[in-house]
Structures are given as C-alpha cells and as structure tokens.
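Visitor: Sharing a model that was predicted from the sequence below.
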Protein chains: 2
Amino acid sequence: MKYSKLFGKTIKEISREETSVNAKLLTRAGFIRKEVAGVYNFLPLGLRALNKIAQIVREEMNKAGGQEVLLSSLQGKENWEKTGRWESFDALFRLASKFEKEYALGPTHEEVLVPLISEFISSYRDLPIYVYQIQNKFRDEARAKAGLLRGREFLMKDLYSFHADEKNMMEYYEKMKKVYINTFNRLGLSAIETRAAGGTFSKFSHEYQVICESGEDQIIYCPGGDYAENVEIIENPEKLENKQCDLGHGSLKRVKVAEVGNIFPLKNKFSEPFNLVYKDKDGKDQFVYMGCYGIGISRVMGVIVEVHHDENGIIWPRSVAPYQAHFLTVNNSRSTINKAEKIYNNLQKSGIDILYDDREVSPGEKFADADLIGIPARLVLSEKTGDKIEWKERNKEKKELLSIEEAEKRLKEEKEL
Amino acid sequence: MKYSKLFGKTIKEISREETSVNAKLLTRAGFIRKEVAGVYNFLPLGLRALNKIAQIVREEMNKAGGQEVLLSSLQGKENWEKTGRWESFDALFRLASKFEKEYALGPTHEEVLVPLISEFISSYRDLPIYVYQIQNKFRDEARAKAGLLRGREFLMKDLYSFHADEKNMMEYYEKMKKVYINTFNRLGLSAIETRAAGGTFSKFSHEYQVICESGEDQIIYCPGGDYAENVEIIENPEKLENKQCDLGHGSLKRVKVAEVGNIFPLKNKFSEPFNLVYKDKDGKDQFVYMGCYGIGISRVMGVIVEVHHDENGIIWPRSVAPYQAHFLTVNNSRSTINKAEKIYNNLQKSGIDILYDDREVSPGEKFADADLIGIPARLVLSEKTGDKIEWKERNKEKKELLSIEEAEKRLKEEKEL
C-alpha cells in the first residue's frame, strides 16, 4: 500500500476527550476514529490489525474443536424473559420496532445459542460440542471509557461448550486455560490467569488479566505464577499485599490490570430455563453442562497498544502488525524513487504486505510517522545506503545494511513464522 | 469436517412460517436458523458459504481500488439530524440509551463515513478515494419476508466513492457497472443491469436484478441485453410488455426479479450537509462528488439458492460452496471405513475442504442429504467401486470412476480455479 493513497493518515493533535494511551495513539496513527463515546470506526490500518487478532483467535478456537457460527444481534425478547435477564441484565440495550415486539441488542448470546442448539442435541452421543463466533456485541455501559478498553459496541469472540456432565465440562475448562494463555502469547500479551467471582451457579470463574495502567481491575498476584486473584473476591486485600509467597517466589504484588478474556463454568444455568437435555446411556433425560469462553478482540487491540508503545508511538508485535514492513526513502531524487518503486513492486509480488511511504515530505516526518504507526520493521533507502537497504526494527536501536535480496529473504522467512 | 460432528444437521420438517425456497432449503439443509422474523443465525455450513460470497466481493472491491474499513452500527443522532434522515428514513431503528442521546442503528453509513472522511480530504490531490466495508445493517422493515431476501438484520457490502467532479464520478460509476456484472458472474448469478429511480439529487440509479419468483421487484427487459428498466419508473408498463426490441432481439419481457446490488450517483447529496469540500487547483473550495455501491451479501446467498436448486435440494456454484466435495461410503464395513478415513485424512492434508459423511445411516439417507446440502462434487466409496471412487457432480447425472489419485488431482485443480 502506498501511504499517499491510504485512507487514514497520521495527525498531530487529537481531541482532549481521549485520555487513554490506546485511544490517543491509535487515533493519531490513523487506526481508529471515535463515532460516539465508547464506539469506534476502524480505518484500513485498524481493520488490518483487528483482523489479524481475530484470525489468531479463530485458529486457536478451531484447534480447540470450536465450530464457527454467526449469531444475530437482534434477539427475541421471549428468550431473554425466560432467563430473567430481560430485566436483570444491566447493560442490555432494548430496541423498539414499529412492527414487532422489542428486541434485545445482543450483549452476549446464551439466549440465542442455547435454544438453537437444543434442536441438535438429543443423545449423549451428540456431546461434547463447541461453538463460537467472532461478532459485534452491544452493551449500554454507564461509563464508556479508556478507548477500546470499555466500549458500548465491541468485537468479541465467544465460545460456548456443551457437555454431558460436570467432569467433562471441567476437563475442557482446564484445557481452555492452556489454549487461552497460548492465544494471548501469540497476540504478544502476557496474560495472568486470575481467579475471579463466579455467578449464581458457580463459585468461581477465571479472568485473563494484563498488567496495564489504564486497566479497570486490580489483582494481587505472585510473580512466580502460582497465585492470582481479583481483589474483588479477596476479603482483606490490604493484608495480602506484600505478603510473602508460600512457595518462596517473593512478595505478592497488587497491580492494575485490563481484562482481555474470561472463562466461566456455566453448569446448568442456561440449560435449565431452555430445558436443554440429552438422553444418557440409560435413556434418562439429563441437563447439559455448559461453559463459556470470551475474548475481547477489539479490547485486545487496545491492550496491545497500552503495553507495547514508547514515547514515539505504537510498537506492534509482529503477529498482529497491519503490515510487515514500513518502507521509505530519505531523499526524493528520481533515481532513488525509481529504485524504491521497483523494490516495492517486487515485494508486493512476493506477497509481502508492505506500507510504502511515497510522499514528498521530509525524512524527519517519514521517520516520525513510521515510529508512530509502529510497524515492526522499517526499511530505508537513501543515497547513503547505495544498492543496499537499511533495516531497523521498531523496538531496537540497531540498524543493519542488507542487500535487497537479503531483506526480501528475511521478510519471507518472518512471514512464515 | 466429519458430518457426525457438524453443528447443524439436515432436518425433514420445518416450520410452515418459512414459505420461500431459500429459507426452506437453507433451514432444512442446516445452513441457517431463524431467530425472529427477518433475522437469521448462520450455522457452520451457512457461515462458510456466506464467507465465500463476502470474499469474492472483497477481492473485486480491492481490485477496483477499494480500501476496507469497519464502521460502527451505533451512530450519533446529530449526523442523522444534519441530513434530515433521523426523521425521514422510514426503516431507521432508533435506539435509546440510559446514559447517552439516542443512537441510530446503522441501516447505511453515509452519516458516519462522510463526516469522518472530511478530515482526510483537503485538496484535489486527495481524490478520488474509494472506501468500503462488509458489515451488518439493521432496518425496521414493515414486512420482513422471503428468508434471506428481505431481512431486518443483514450483511451488506457498501462502497462509497469520492471524486473531484461529476465527470470523474461518472467514469467510476461506469467502471463499477462492469465490476458488478463480473462480481455476480463469479457468484454464479446472471444479474441484469436495470435502470431504476434516482433520488432527490439524481435522475437515475442502477439495480442488479436476478430473475427469481420470490423477488419483490418487476422489470421489463430485452433478452438481448440492451434494455432493462424497473417497472416502477415506466409510465405504461402494460404497453411496453411484449413490444419488439428496436435492435431486433425479439419481444421485451416482464419478469419478477430479486435485487442483489445497486449503484447510485449521490453527487453532492451528502457532501453539502457535512460541508465535504476540497481545494481545487485554483485554491477554491468545491464540493466533493460521491457515488455509493451496495451488494447484499446475505441476500445474494438467498438468491443463489432461489436460482440454483432442484426438487432434491440446493446446487451450490463451485465458487461459494461451503465445501469442495461431499464424501461418503455406501457400506460401513471395517475395510471400507478404514479406506475412507485414509482418503479423508489425505485430502484434509492437501488442503481440500471436504465434508465426510461418516454416520452409520443408510446409503439412501446419505445420498438424500448430499443432494439437499448441494456441495458440487459427490465422492462415493463402496465395495463396488473397489480401489476407485465414484465422482458425480451435483448438477449432472454422469458418474465417473476415478482412482484416488485422479480424484485428488481434480480436486486440487478445481481449487486453483
């Protein structure tokens, strides 16, 4: 992509309303634009990063046996009344129609999926089954804030698992803990698996928390990895803070965190109101056990920026960067431009996604924009580099001079990773 | 995918509420499930077909210079008031929040994109620019009917083009006519480019209409391809019907059609209320000219089924089929099953997307389900076929016996197409 043609250039000044690091940097770098409080539009760079995040999550869900579906946002009121959540779900948007009963505007999808799947589950042989989607959610949050961290419209992956019994449910729950840690690693995030509150049906759930100043939650955790709890469920968090870890990992720490995922043993919470039952080996009806597993896709994008940036801009992990390399020339002489066009065209043909800053602006402006946008590799062509190209990684100081072939080879190798 | 594990099996009987061919077949074949009137959930088979349609449209929009974005569904009321459409847009869902002003729930996106893009357009050098998205739309339709043909929530591709003058706008408009016909061809649809009503700013627009009994529109057209108009804009359609075409193509025909796309020269309709201007070469402010270009992605899925089916089920065009081949065994002997498992695993490894009916049910049930689901190639292994495999295409009677290697080779070749 030629930067001169790209929809969504960098800007210097943004509205004072945006106070979080992720909203400021993503807005300045041309990734997102606020529509209204808690609602963002994704420009081409932003959508590319969002799609990469979604694709990694999709791959991990598929590996965990998940089958992808797409459930509706407009949801029937009756099913929300059956679970009692038409009244009790605080952040539910209720939508009036001129022609129909009110709709719920989906903040989550148990009320859609559970009655739907009951048609297909009749015997123990139909279990377990895992269904997920990557889809927009709507919640009428009291305070939409911190950019992509808490929105009223946001992209989410929600997986629902269906099991014959609690043991099978918990085996999958334990498996998904590993899947989640691995997924967040691939996304460039060190997530801390944190014990958190359960609901009416379960004593606990687990949240995946990333240490981050803009985060809304607080946890107390052991840096050795053997303990983490949300302070909400700790009786005297003040007492626990700075206590020594029993296993000799040093003192426990209290930190601000942002939640990027959560997993929840739902047990029979939704199978009872919708009478989701199966026939066991003796032909007896039994309630299905369920688990649910969420990852905030757009929130992950915000948290990545909160964690990976410096004073000059974003530093995208390679796995989710909108382009693999940011290519620019220092001078705009005819011969340099011709050479640059050739390199750009060759890389395009090799299937390397590259952002080529072809503008006639100062080198300083190009370098600053490259740092702000945060693509992992910066490739510079100048009269000084001669027939070679300067390779610099966004998160390192080191600059290397590579031949065009070497640079292309390295880009191809990195793409395979 | 093993059919025994697939979420969304075929069913024999469906609700009498579904009267259209597309809703009946897609429901029976396990592709979709109605949530409420005009709102559908996509099961794994349905989502696969929907994604293939979306991807073809995406490729064609990218080739036409389109840059993909993702705009929000929750939209600020102010911008809808600026265009006067908060009051005048009949099918607008207006959504109340406990904490904010009302939102419009996006039925279209001019009110989002035009103010957004004005930040990035200042000079004639910034034009033209083309922006599109593939995203859910919401419309409070009086009558949601005919399955996926008219819904209250539906997936749409909407592209918006921005130009310096009317001439440039019309050049792109003419180019997009060709892109549209080509896109629908790739989707297996013969779309008729039809002159239709314009709006307050333009005398005309063009619709892409597919002949289909469930369609809501009627057109009069010349089968030779030189004339097609929506009857809504013809003064005395009765007089025109059966008239001879001036170019000797025979008599004009009146047919029922379903609209799969439309293109519209918006001119200054939206640039005026949002003051979307650019500086021309003389430094003078000029209004930007706009066009908009829609394709109903989920509606296309419905129309494909309306057009491509027989009494036994759906006949997917190869380009949008959820799987490339439907594989089954006639008997369930250990040796046949072992052979089938091997073939299935090999094809999986080769990257061929195959649906393998591994159920222990009668051959008749497997054949009937294969016809209903409508995957283009059916591969059968039995004791009769020996070391070979029977290849039959869904829309042909001919059966061929191929070696496993020949079948694999043909699948690979077809995949490349």
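Guide: Sure thing, it's come through.

Visitor: Pretty sure residue A:18 sits against residue A:27.
Guide: Yes - counting by C-beta atoms under 8 Å, residue A:18 touches residue A:27, with 6.0 Å between them. The way it works is simple: take the backbone N, C-alpha and C, and place the C-beta from them, glycine included.

Visitor: Next, show the common contact partners of the two.
Guide: Shared contacts of residue A:18 and residue A:27 (C-beta atoms under 8 Å, 6 or more residues apart in numbering or on different chains): residue A:34.

Visitor: Low-confidence bits of chain A, can you list those?
Guide: For chain A, no stretch has pLDDT under 70.

Visitor: Okay, the residue of it positioned farthest from its centre and residue A:290: tell me how far apart.
Guide: Note on chain A: the largest C-alpha distance from the chain mean falls to residue A:282, namely 43.4 Å (C-alpha atoms, centre = their mean). Distance of residue A:282 to residue A:290, given as C-beta to C-beta, to the nearest Å: 22 Å.

Visitor: Over to residue A:70?
Guide: Plainly put, residue A:70 is 20 Å away from residue A:290 if you go by C-beta to C-beta.

Visitor: higher neighbour count, the two?
Guide: Legend: neighbour count by other C-beta atoms under 10 Å in any protein chain shown for residue A:70 and residue A:290, higher for residue A:290 (24 against 20).

Visitor: A strand includes the more buried one, no?
Guide: Yes - assessed by DSSP: H, G, I helix; E, B strand; the rest coil, residue A:290 belongs to a strand.

Visitor: For it, which non-adjacent residue is spatially closest?
Guide: Take residue A:290 and drop its neighbours on the chain: the residue closest to it by C-beta to C-beta, 6 or more residues apart in numbering or on different chains is residue A:266, 4.2 Å away.

Visitor: any idea where the helices of the stretch 151-300 of chain A begin and end?
Guide: Assigned by DSSP state H, counting those that start in this stretch, the stretch 151-300 of chain A shows helices spanning A:166-186, A:237-240, A:297-307.

Visitor: most packed of the ones you listed?
Guide: helix A:297-307 (a mean of 27; mean count of other C-beta atoms under 10 Å in any protein chain shown).

Visitor: Show me what from the stretch 201-350 of chain A comes close to chain B.
Guide: By C-beta under 8 Å from any C-beta of the partner chain, no residue of the stretch 201-350 of chain A approaches chain B.

Visitor: Let me see the ranges of the strands in the stretch 201-350 of chain A.
Guide: A:204-211, A:217-221, A:228-230, A:253-267, A:277-279, A:285-287, A:289-296, A:309-310, A:313-314, A:325-329 (DSSP state E, counting those that start in this stretch).

Visitor: Now render these as a markdown table, adding distance to residue B:398.
Guide: What follows is the strands of the stretch 201-350 of chain A, written out as a markdown table (distance: least, C-beta to C-beta, whole Å):
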| stretch | distance to residue B:398 |
| --- | --- |
| strand A:204-211 | 55 |
| strand A:217-221 | 64 |
| strand A:228-230 | 64 |
| strand A:253-267 | 51 |
| strand A:277-279 | 43 |
| strand A:285-287 | 48 |
| strand A:289-296 | 47 |
| strand A:309-310 | 62 |
| strand A:313-314 | 58 |
| strand A:325-329 | 51 |
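
Visitor: Compare these and report which one is nearest to residue B:220.
Guide: Judged by C-beta to C-beta, the one of the strands of the stretch 201-350 of chain A that comes nearest to residue B:220 is strand A:289-296, at 52.0 Å.

Visitor: Run the angle between the closest one and strand A:204-211 for me.
Guide: Here strand A:289-296 runs at 10 degrees with respect to strand A:204-211, directions being taken by axes from the mean of the first three to the mean of the last three C-alpha atoms, to 10 degrees.

Visitor: buried stuff in strand A:289-296?
Guide: A:289, A:290, A:291, A:292, A:293, A:294, A:295, A:296 (16 or more other C-beta atoms under 10 Å in any protein chain shown).

Visitor: Using PDB, write out the CA atom coordinates for it.
Guide: C-alpha atoms of strand A:289-296 as PDB (Å, rounded to 0.1, in the frame of the first residue of the first chain):
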ATOM      1  CA  TYR A 289     -23.500 -28.700  31.300                       C
ATOM      2  CA  MET A 290     -22.100 -25.600  29.700                       C
ATOM      3  CA  GLY A 291     -19.000 -23.400  29.800                       C
ATOM      4  CA  CYS A 292     -18.500 -20.100  28.100                       C
ATOM      5  CA  TYR A 293     -15.200 -18.600  27.000                       C
ATOM      6  CA  GLY A 294     -14.800 -14.900  25.900                       C
ATOM      7  CA  ILE A 295     -12.000 -12.900  24.400                       C
ATOM      8  CA  GLY A 296     -12.500  -9.200  23.700                       C
END
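
Visitor: Who are the packing partners of the helix or strand harbouring residue A:405?
Guide: In this assignment (DSSP states H and E), residue A:405 forms part of helix A:404-416. If you count contacts as 3 or more C-beta pairs under 8 Å, 6 or more residues apart in numbering or on different chains; DSSP states H and E, helix A:404-416 packs onto helix A:334-349, strand A:377-381, strand A:388-393.

Visitor: Show me the strands in the stretch 1-150 of chain A, by range?
Guide: Under DSSP E, counting those that start in this stretch, the stretch 1-150 of chain A gives strands at A:32-36, A:39-42, A:67-68, A:74-76, A:93-95, A:103-105, A:129-138.

Visitor: out of the ones you listed, deepest packed?
Guide: strand A:103-105 (a mean of 26).

Visitor: what's next to that one, contact-wise?
Guide: A:73-77, A:80, A:86, A:92-95, A:97, A:111, A:138, B:36, B:95, B:105.

Visitor: That strand pairs with which strands, parallel or anti?
Guide: Paired neighbours of strand A:103-105 in the sheet (DSSP bridges): strand A:74-76 (antiparallel), strand A:93-95 (antiparallel).

Visitor: export those to CSV and tack on distance to residue B:312?
Guide: What follows is the strands paired with strand A:103-105, written out as CSV (distance: least, C-beta to C-beta, whole Å):
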stretch, distance to residue B:312
strand A:74-76, 32
strand A:93-95, 40
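
Visitor: closest one to residue B:14 among these?
Guide: The closest of these to residue B:14 is strand A:74-76. By C-beta to C-beta, the value is 17.6 Å.

Visitor: Show residues contacting that closest one.
Guide: Against strand A:74-76 from outside (C-beta under 8 Å, 6+ apart): A:95, A:101, A:103-106, A:109, A:111-112, B:35-36, B:39, B:138, B:152-153.

Visitor: Could you rerun that using 6 Å?
Guide: Outside strand A:74-76, the residues that touch it by C-beta atoms under 6 Å, 6 or more residues apart in numbering or on different chains are A:103, A:104, A:106, A:111, A:112, B:36, B:39, B:153.

Visitor: again, but for stretch A:351-370
Guide: A:1-4, A:10, A:323-328, A:330, A:332, A:344, A:347, A:378, A:411.

Visitor: Show me what counts as buried in it.
Guide: A:352-359, A:366-370.

Visitor: What of stretch A:279-289?
Guide: So for stretch A:279-289, counting by 16+ other C-beta under 10 Å, buried means A:286, A:287, A:288, A:289.

Visitor: so how far is that stretch off the chain centroid?
Guide: Put simply, stretch A:279-289 sits 37 Å off its chain's centre (C-alpha atoms, centre = their mean, to the nearest Å).

Visitor: ditto for stretch A:306-315
Guide: 17 Å.

Visitor: what comes up buried for stretch A:3-19?
Guide: A:3, A:6, A:7, A:8, A:9, A:10, A:18.

Visitor: Report the separation between residue A:179 and chain B.
Guide: Separation of residue A:179 from chain B (C-beta to the nearest C-beta, to the nearest Å): 18 Å.

Visitor: That residue - nearest residue in space that isn't next to it in sequence?
Guide: Counting by C-beta to C-beta, 6+ apart, the residue nearest residue A:179 is residue A:64, at 5.0 Å.

Visitor: quick revisit: show me how to select, in PyMOL, the buried members of the contacts of stretch A:351-370.
Guide: Filtering these down to the buried ones (16+ other C-beta under 10 Å) takes a single PyMOL command:
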select buried, chain A and resi 1+3+10+323+324+325+326+327+328+330+344+347+378+411
